[in-house]
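> fold the following.
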Amino acid sequence: EYMDRFMNELTQLINDSIPEKKVSLIITSPGWGSGSVNSGFGRVALVEPSERDRSQDEIAADLTRWTKQFPGARTNVSQSPTIAVNRRGGMPIQYIIQAQNFEQLEAKIPQFMEE
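Numbering: from 1, shown residues only. This next block holds a predicted model:
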């Protein structure tokens, strides 16, 4: 009952504070996903980046800051990769940059990072 109340408060926070939300899923379950007696899980899907003013990272940072104001339970905000390799998310994209020598590589990395 305590965790249900906490998760309801969290749901209200998400609904009131994340207008970029396309859909959210909030689950409360005793002992699910951890060794704790009670736990909950929330997942928020956002509208496309072109349809919002904040980035996914900014929204996650705001949510992290807001949930710290909830002293009743420990919360953790994490992000799934924006670009997924498969349906389960997979690893984010990885780049391999090669050059004939270290000096060429060192010259190209700043340009790569800027682009």
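
> contacts and neighbour counts: CA atoms only from here.
Noted.

> what segments of this protein are strands?
Shown for the chain, the strands assigned by DSSP state E span residues 21-29, 39-46.

> for this structure, give me the ranges with low pLDDT.
Flagging of the chain using pLDDT under 70 yields the residue ranges 30-37, 81-94.

> just to revisit the earlier point, is it possible to export the strands of the chain to TSV including distance to residue 73 and mean neighbour count?
Output for these, formatted as TSV (distance: least, CA to CA, whole Å; neighbours: other CA atoms under 10 Å):
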stretch	distance to residue 73	mean neighbour count
strand 21-29	13	13
strand 39-46	9	16
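
> point to the residue nearest the middle of the chain.
Among the residues of the chain, the one closest to the centroid is residue 79, at 2.0 Å (CA atoms, centre = their mean).

> name the nearest residue to that one, ignoring sequence neighbours.
Excluding the flanking residues, the one nearest residue 79 by CA to CA, 6 or more residues apart in numbering is residue 60, at 7.2 Å.

> what of residue 21?
Distances taken as CA to CA, 6+ apart place residue 46 nearest to residue 21, at 4.5 Å, with adjacent residues excluded.

> how close does that neighbour sit to residue 25?
From residue 46 across to residue 25, the span is 12 Å (CA to CA, to the nearest Å).

> between the strands of the chain, which gets nearest to residue 11?
strand 21-29 (7.0 Å; CA to CA).

> what's the distance between residue 78 and residue 43?
Taking CA to CA, one finds residue 78 at 10 Å from residue 43.

> elements contacting the helix ranked longest in the chain?
Ranked by residue count and defined by DSSP state H, the top helix of the chain is helix 2-17. Helix 2-17 is packed against strand 21-29, strand 39-46, with contacts defined by 3 or more CA pairs under 8 Å, 6 or more residues apart in numbering; DSSP states H and E.
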